[in-house]
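Student: Build me a model from this:
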Amino acid sequence: MSDLKAYLSERCQFVDDALNRLIPAAATRPSTLHQAMRHSVFAGGKRLRPILCLAAAEACGGLADDAIYNACAVECLHTYSLIHDDLPCMDDDDMRRGVPTCHKVFGEAIALLAGDALQALAFELVSKTPVVQRHPAALMVLELARTAGSLHLVGGQVADLEGEGKKLQLEDLRFVHEGKTAALLTTSVKLGGMSANATQDQMQALHDFGMATGLAFQIIDDILDVTQTSEKLGKSAGKDVASEKSTYPALMGLEASRAEAHRLTEASHKALEVFGSAGGHLRQLADYLLNRDY
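Tutor: This is a model prediction of the structure:
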């Protein structure tokens, strides 16, 4: 695990340095907008999605330098979704990543626009990824666009909002989690593979790994929401209960939820068999996400 900690630290710094170069400086006009974008992007996130993107590129024999635009793109898209998710008209949260949410610092209008700008930047960055034979830029943009739209990220948020105060069936809860969480995590590893000219078999393996890992990630998130403090999580704990949301712990109980997260992580490991030892960092990351406490 010490090796993984070093890998996470090095890759996090690699991504942060790139984001710092690629996002307009705070003084760039309109400065309030760019300050708001940078406030949320550099609020201390773990950079899990971009790191997974880089690890997937490595698993496919590629280079982190060739995947960095895609890695930064998924972080920008993820941060946009968090800014909008925290707005009063959505989940109405005051804290994210241990600091006040974007709208608490800059107001709702600027926060909304900061999220819009980060979403647009994500597509700009994907288009800058070096050309490879099997996956032209148009296919990478298409991958990100489908994930960002009504069938996945936005659709999952709508289903989540409409599910408040209702006891969902497990299949409906899975739909929410696949849209809100697993889809973008899956796209993160797929974009890493695409930057490395991954084969069809490798792309299928990355898809299967991403969906299993993404669902396990969300189940652990649901568990932590009811077992950890706000200080530990860096965001408001107990929000799911307060909003009367259906979650895996609410529907299955804590122990059964943990067992399901373990089952999904085992499935993610199986999906990586095609990569052999080259998939080592992806395996470690899946285990890290399963065993995290914040």
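Student: what number of residues lie near residue 47?
Tutor: Per other CB atoms under 10 Å, the neighbour tally for residue 47 reads 23. In short, each C-beta sits where N, CA and C put it, glycine included.
Student: Check what pLDDT it gets.
Tutor: The pLDDT attached to residue 47 in the predicted structure is 97.
Student: do residue 30 as well
Tutor: Per-residue confidence (pLDDT) for residue 30: 98.
Student: who touches residue 14 in this structure?
Tutor: Neighbour list for residue 14: 54, 64, 68 [criterion: CB atoms under 8 Å, 6 or more residues apart in numbering].
Student: correct me, but the first one touches residue 64?
Tutor: Yes: when contacts are counted by CB atoms under 8 Å, residue 54 is listed as touching residue 64 (4.7 Å).
Student: Give me the more crowded residue out of the two.
Tutor: When residue 54 is set against residue 64 and neighbours are counted by other CB under 10 Å, the residue ahead is residue 54, at 28 against 21.
Student: Just to be sure, that one is in a helix?
Tutor: Yes: according to DSSP: H, G, I helix; E, B strand; the rest coil, residue 54 belongs to a helix.
Student: Distance check, it against residue 61.
Tutor: 13 Å (CB to CB, to the nearest Å).
Student: which residues do these two both contact?
Tutor: Common neighbours of residue 54 and residue 61, using CB under 8 Å, 6+ apart, do not exist here.
Student: Count the residues that sit near the spatially closest residue to residue 43 that is not a sequence neighbour.
Tutor: If the residues on either side of it in the chain are set aside, residue 43 comes closest to residue 97, at 4.0 Å by CB to CB, 6 or more residues apart in numbering. As a burial measure, the neighbour count of residue 97 was computed by other CB under 10 Å and equals 17.
Student: any weak-confidence spans in the stretch 151-294 of the chain?
Tutor: Of all residues in the stretch 151-294 of the chain, those with pLDDT under 70 make up the ranges 229-243.
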